[in-house]
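what would the 3D arrangement of this be:
(4 chains)
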Number of protein chains: 4
Amino acid sequence: MSHTTAGKDKLIARVRRIKGQIEGLERALQAERPCAEILRQLASVRGAMNGLTAEVMEDHLRGHVLDAETPAARRQGGEEMIDIIRTYLK
Amino acid sequence: MSHTTAGKDKLIARVRRIKGQIEGLERALQAERPCAEILRQLASVRGAMNGLTAEVMEDHLRGHVLDAETPAARRQGGEEMIDIIRTYLK
Amino acid sequence: MSHTTAGKDKLIARVRRIKGQIEGLERALQAERPCAEILRQLASVRGAMNGLTAEVMEDHLRGHVLDAETPAARRQGGEEMIDIIRTYLK
Amino acid sequence: MSHTTAGKDKLIARVRRIKGQIEGLERALQAERPCAEILRQLASVRGAMNGLTAEVMEDHLRGHVLDAETPAARRQGGEEMIDIIRTYLK
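Model prediction:
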């Protein structure tokens, strides 16, 4: 995955933030916090997951389509991108 | 939009099917059908809308990125694709 | 469905607005408008569909759970609501 | 949150499974696994998050609406449920 060291570090930082949010959710459930608060935390995780998914898709498009080294590699990266979109939207 | 006549016809056929589903939904509401039935119809429209969205995105990727005529056009089509993904997932 | 005349009229007005949006989408595809514009219209329909779905769920909760006439009817309306949530989120 | 010990334990078990999936995602990014694999893992987390969200909503409906101890408590639990649905679908 990620095609530059900076890109990889950014994705890992995002995943770690999500892990921190999940740990907060676990603590809130343990402490029997109100439903409305739990659902707000779930909505935050959902937002963060969408952001991460968009960034992984963007990375794929840049690394395997726009910056592909040969026309054949670009074609393959493009077909993978189409599979990704279909899976996400099915 | 759509970069081939066949592609355009396919998209328009999909939109017309969705319009038919919406008309069915209107009739079901008029006839005061049960909630569960209305919600099943809403879920079908949602599925059909996702399928149409995936097809429009695929069309964009093929027409403006993979089959772009110049590297500059491909770069621009790719940046538009990234905006599209971000908007969809925000 | 809908448990008051005002509620029914509001839902039907929403469905008609969505039908108008779908017709706009069909015209945009016919006129070969740019992808980005088509995808913005698709995002608007998605937002309107979500609003309609939330309103149908709210109507169900009010009519079949909160205002149920007997405890047994409330229990049944509640179980239907749980099925609806599971289906929506599956 | 959760209104029975069994319900609480089930929710916490779900959150821990999601945490395990997020850790797997972090390892996959560290190991520079292919994009398609990363996106499959993201889709699994999304599915698990939806399942957890549905269960928290179901718990709220049972604990604060169906099994509410007074009509006033039920009314309040129902209004919270409507806010939850609107927030989720906005």
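
tell me which residues touch residue A:16, please.
residue D:26 (Cβ atoms under 8 Å, 6 or more residues apart in numbering or on different chains). Every C-beta, even on glycine, is put in place using the N, C-alpha and C of the backbone.

and the pLDDT for it?
You'll see residue A:16 listed with a pLDDT of 97.

can you give me the distance of it to residue C:90?
Distance, residue A:16 to residue C:90, by Cβ to Cβ, to the nearest Å: 29 Å.

how about residue A:37?
Using Cβ to Cβ, residue A:37 is found at 25 Å from residue C:90.

kindly report the same for residue A:89.
The spacing between residue A:89 and residue C:90, counted by Cβ to Cβ, is 15 Å.

surely residue A:25 is in contact with residue D:14?
No: with contact defined as Cβ atoms under 8 Å, residue A:25 and residue D:14 do not form a contacting pair (10.0 Å).

which of the two has more neighbours?
Legend: neighbour count by other Cβ atoms under 10 Å in any protein chain shown for residue A:25 and residue D:14, higher for residue A:25 (24 against 18).

close to chain B: what parts of chain A are there?
Residues of chain A lying close to chain B by Cβ under 8 Å from any Cβ of the partner chain are A:50-51, A:53-54, A:57-58, A:61-62, A:65-66, A:74-75, A:78, A:81-82, A:85-86, A:88-90.

quick check on those residues: which are buried?
Buried members of these, scored by 16 or more other Cβ atoms under 10 Å in any protein chain shown, are A:50-51, A:53-54, A:57-58, A:61-62, A:65-66, A:74, A:78, A:81-82, A:85, A:88-89.

any idea of the pLDDT on residue A:3?
The score at residue A:3 is 66. That number is its pLDDT.

helix or strand right after the helix or strand residue A:17 falls within?
Per DSSP states H and E: residue A:17 is located in helix A:5-30. Following helix A:5-30 in sequence order, the next helix or strand is helix A:35-60 (DSSP H and E).

quick one: buried residues of the helix holding residue A:17?
A:7-8, A:11, A:14-15, A:18-19, A:21-22, A:25-26, A:28-29.

not counting sequence-adjacent ones, nearest residue to residue A:14?
Spatial nearest neighbour of residue A:14, chain neighbours left out: residue A:52 (4.8 Å); criterion: Cβ to Cβ, 6 or more residues apart in numbering or on different chains.

any regions of chain A where pLDDT drops low?
A:1-3 (pLDDT under 70).

can we see that at 50?
Judged by pLDDT under 50, chain A has no weakly predicted residues.

list phi and psi for residue A:67.
Torsion angles at residue A:67 (phi, psi; degrees, to the nearest 10) stand at phi -100, psi 20.

and the gap between the nearest residue to residue A:40 once chain neighbours are set aside and residue B:67?
Residue nearest to residue A:40 in three dimensions, not counting chain neighbours: residue D:87, with 7.9 Å by Cβ to Cβ, 6+ apart. Distance, residue D:87 to residue B:67, by Cβ to Cβ: 42 Å.

before I go, just wanted to say thanks for your time.
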